[in-house]
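S.K.: what shape does this take:
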Amino acid sequence: MSSLLIFFPNDGDYPSSLVAGLAVLTIGLWLFFDQATLVQVSGSAGEKYAVTTYMLILAGVLMLTVGFLGCCGALKESQCMLGSFFVCLLVILIAQISGFVLAFMYRDEFPDIIKASLRSAIQQNYTGESEDLTTNLIDVTQKELKCCGSEGTSDWSASKFNGQSTVALGITSGVRGTLGVYNVPASCCSDELTAEQCENVRKINGDFRIQDIIVKDPIYKQGCTKRLLEEFSRYYIYVLIIAIVVLALEVIGMVISLILCCAIRRIDDYKA
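M.R.: Here you go, the predicted model:
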């Protein structure tokens with residue numbers, strides 16, 4: 001009975017930590033093994049990208065550990081596990097606050113990282129196949145945000161999608177393409193075009209001349225980096241609120257773990 005009463009108040013807290021930890025760890029590992037992006041992001045920005053990746057992996061492992069300790073500690077009425085839960089949660093809290101401070105300090109370099117990461121995905125990972133995850137993500141981004149490429153349509157000229165070899169991609173790494181004629185995906189086409197019209201205008205020439213189409217901008221001209229940053233600026237207040245709520249829940253979890261430890265100690269003393 002006492003185990004049920006102890007575990008019940010935290011029933012939704014620890015499992016959520018396990019799920020969140022798994023999600024963060026997955027993102028961190030994905031960024032770590034995305035070597036194409038590591039090649040594109042160079043210099044000080046590349047170093048900060050690597051640090052961010054390692055921090056995500058570490059945070060994911062810690063969150064999984066915290067969730068395990070919290071669940072088992074509450075169920076087993078273990079002071080040791082609950083104490084470990086408190087310490088781990090404290091470490092995560094400090095790491096998150098440090099991360100927020102670093103993100104604020106280096107916020108001016110954030111656009112460069114986004115630009116390089118997106119260009120890397122476009123030029124080296126986009127296959128055009130509907131089953132490919134990267135392809136679907138880029139298509140959805142371009143279609144929903146009404147944009148094309150990282151900085152514009154010319155990013156597609158130096159892509160594997162246009163038959164560029166690995167050697168050519170290495171030479172043009174980090175720069176916009178310079179080919180005279182190239183194709184862009186259908187997701188770059190305006191919503192006002194039919195499928196047939198879109199197919200006719202997807203071949204872009206150097207001067208961006210498109211004939212026999214009434215629509216003013218049949219192909220989205222704005223780059224997706226700018227649109228993503230605009231969307232982030234639009235919703236950053238909500239991200240901030242979520243971050244504050246998460247921090248508050250972590251503090252509450254720490255307080256509850258201390259209360260449970262004290263309660264368990266009193267029960268043990270009473271039994272003794």
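
S.K.: for the stretch 51-200 of the chain, just list every one of the helices.
M.R.: With helices called from DSSP state H, counting those that start in this stretch, the stretch 51-200 of the chain shows them at 79-105, 110-120, 133-145, 166-171, 195-201.

S.K.: show me what contacts the nearest residue to Lys115 once chain neighbours are set aside?
M.R.: Once flanking residues are discounted, Lys115 sits nearest to Thr225: 4.4 Å by CB to CB, 6 or more residues apart in numbering. For the C-beta atoms, the positions are set from N, CA and C on the backbone; glycine is no exception. If a contact means CB atoms under 8 Å, 6 or more residues apart in numbering, then Thr225 has Pro111, Ile114, Lys115, Leu118, Ser150, Glu151 as its contacts.

S.K.: tell me the SS of Thr225?
M.R.: Following DSSP: H, G, I helix; E, B strand; the rest coil, the label given to Thr225 is helix.

S.K.: and the gap between it and Leu118?
M.R.: According to CB to CB, to the nearest Å, Thr225 stands 6 Å off from Leu118.

S.K.: same deal with Trp30?
M.R.: Trp30 is 15 Å from Leu118, by CB to CB.

S.K.: so what sits against both of Thr225 and Leu118?
M.R.: Listed as contacting both Thr225 and Leu118 by CB under 8 Å, 6+ apart are Ser150.

S.K.: returning to what we had before: let's see if you can find the most crowded of the contacts of Thr225.
M.R.: Neighbour counts for the contacts of Thr225 peak at Ser150, which has 26 neighbours (criterion: other CB atoms under 10 Å).

S.K.: can you pull the phi/psi pair for that one?
M.R.: The phi and psi torsions at Ser150 (degrees, to the nearest 10) take the values phi -80, psi -50.

S.K.: just checking, it touches Asp112?
M.R.: No - Ser150 is beyond contact range of Asp112, at 11.0 Å (criterion: CB atoms under 8 Å).

S.K.: quick one: stretch 140-156 to chain centroid distance?
M.R.: Centroid displacement of stretch 140-156 relative to its chain, using CA atoms, centre = their mean, to the nearest Å, is 18 Å.

S.K.: pretty sure Tyr220 sits against Cys147.
M.R.: Yes - taking contacts as CB under 8 Å, Tyr220 lies within contact range of Cys147: 5.2 Å.

S.K.: quick one: contacts of stretch 92-104?
M.R.: For stretch 92-104, the external contacting residues (CB under 8 Å, 6+ apart) are 55, 58-59, 62-63, 66, 110, 243, 246-247, 250-251, 254.

S.K.: do you know how far Tyr220 is from Ile114?
M.R.: 17 Å.

S.K.: kind regards, and thank you for your time.
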